[in-house]
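Chemist: kindly return the folded structure for what I paste below:
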Amino acid sequence: MKEIDFLPEWYKNSRRRQISYRTQYIVLGCMFVTIMMWNFIAARSISRAAAEFTKMTPTQVEAERTLRDSAGIRSQIAQLQKKADVLKNIDSKIDAAGVLAEISFLVNGRIMLSKVEFKAERFVDKKNMKTGGDVLFTAGGGKEKPLGDVRFKVVISGIALDASDVAEFTCRLEDSPYFCQAVPSFSRNIKIKAEAGPEAKNHQVSEFEISCYLSNYQVN
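Modeler: Sure thing, here's the model as predicted:
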């Protein structure tokens, strides 16, 4: 038995278009819902990240402040270290009061001192450190001052009643543990007036200058 289709062709095409439109609407609706859900999830993630960043901001500021403070402290430490190195280089390492007290102990009543002078001499090398070396600089003799390892030359000036007193004083300096290489620079006889007035008499004394070195260094 043969079936006869009484539906017109235009009706069939209209039904197919309606089904196609419905399918497209459903697909678009699903895509819209998916996009909305994705936007909602993304918005929540961004909000959560913003909240975390807001919480981290004080910690970040504190960390930056700590870094700045530590950098400033390191700079101060470096400056203090430089100053300490300079102080170490210019340290004379001598006890001036003890040296003067030793000289006063060695001087007898027949000698009167007029000047005690300290002169710094820089060592050329270890060999010259042992033998004395050359004088590179005298403290107070120029604009610069010696730095590093130096030894001190002591120049003692005064007058004595006799030249033998000068020789005895030189020997005492040489025998003292404070000094070494004590030698007279000069010794000459001069006349001085012991008293004022017309009856003053001239007395002959010995003017001298002795140089020696402080024994405050060691040869390594």
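
Chemist: check the secondary structure at residue 207 for me.
Modeler: strand (DSSP: H, G, I helix; E, B strand; the rest coil).

Chemist: same question for the helix or strand hosting residue 84, mean pLDDT?
Modeler: Element membership of residue 84, judged by DSSP states H and E, is helix 9-90. Helix 9-90 carries an average pLDDT of 79.

Chemist: dump the following helix or strand past it to PDB, restricted to CA.
Modeler: Using DSSP H and E, the helix or strand that follows helix 9-90 in sequence is helix 96-106. In PDB, the C-alpha atoms belonging to helix 96-106 read as follows (Å, rounded to 0.1, in the frame of the first residue of the first chain):
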ATOM      1  CA  ALA A  96     104.000  59.300  76.400                       C
ATOM      2  CA  ALA A  97     103.500  59.800  80.100                       C
ATOM      3  CA  GLY A  98     105.500  56.600  80.900                       C
ATOM      4  CA  VAL A  99     108.300  57.700  78.600                       C
ATOM      5  CA  LEU A 100     108.600  61.100  80.200                       C
ATOM      6  CA  ALA A 101     108.500  59.600  83.600                       C
ATOM      7  CA  GLU A 102     111.400  57.300  82.600                       C
ATOM      8  CA  ILE A 103     113.400  60.200  81.300                       C
ATOM      9  CA  SER A 104     112.800  62.100  84.600                       C
ATOM     10  CA  PHE A 105     114.000  59.000  86.500                       C
ATOM     11  CA  LEU A 106     117.200  58.800  84.500                       C
END
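
Chemist: contact partners of helix 96-106?
Modeler: Residues outside helix 96-106 that contact it (CB atoms under 8 Å, 6 or more residues apart in numbering): 113, 116, 118, 154, 156, 169, 172-173, 176, 178-179, 214. Quick note: C-beta positions are derived from backbone N, CA and C, even for glycine.

Chemist: for those residues, give me CSV that also has distance to residue 42, secondary structure and pLDDT.
Modeler: Shown next, in CSV, are the contacts of helix 96-106 (distance: CB to CB, whole Å; DSSP: H, G, I helix; E, B strand; the rest coil; pLDDT from 0 to 100):
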residue, distance to residue 42, secondary structure, pLDDT
113, 96, strand, 90
116, 90, strand, 89
118, 83, strand, 86
154, 88, strand, 90
156, 93, strand, 92
169, 100, helix, 92
172, 98, helix, 92
173, 95, helix, 92
176, 92, coil, 91
178, 88, coil, 90
179, 90, strand, 91
214, 84, strand, 88
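
Chemist: got the domain boundaries for this protein?
Modeler: Listed by automatic domain parsing, the domain ranges of the chain are 1-91, 96-214.

Chemist: what's the most buried one of the ones you listed?
Modeler: Per residue and on average, the most neighbours among the domains of the chain fall to domain 96-214, with a mean of 15 (mean count of other CB atoms under 10 Å).

Chemist: next, the distance between the ends of that domain.
Modeler: With CA to CA, to the nearest Å applied, domain 96-214 spans 10 Å between its terminal residues.

Chemist: make 5 the first number, not 1, from now on.
Modeler: Right, with 5 as the first residue, what we last looked at is domain 100-218.

Chemist: for residue 178, which non-adjacent residue is spatially closest?
Modeler: Leaving aside its chain neighbours, residue 178 sits nearest to residue 186 (4.3 Å; criterion: CB to CB, 6 or more residues apart in numbering).

Chemist: partner strands of the one helix or strand the one you found maps to and their direction?
Modeler: Element membership of residue 186 [criterion: DSSP H and E] is strand 183-197. Note on strand 183-197: by DSSP bridges, its sheet partners are strand 206-218 (antiparallel).
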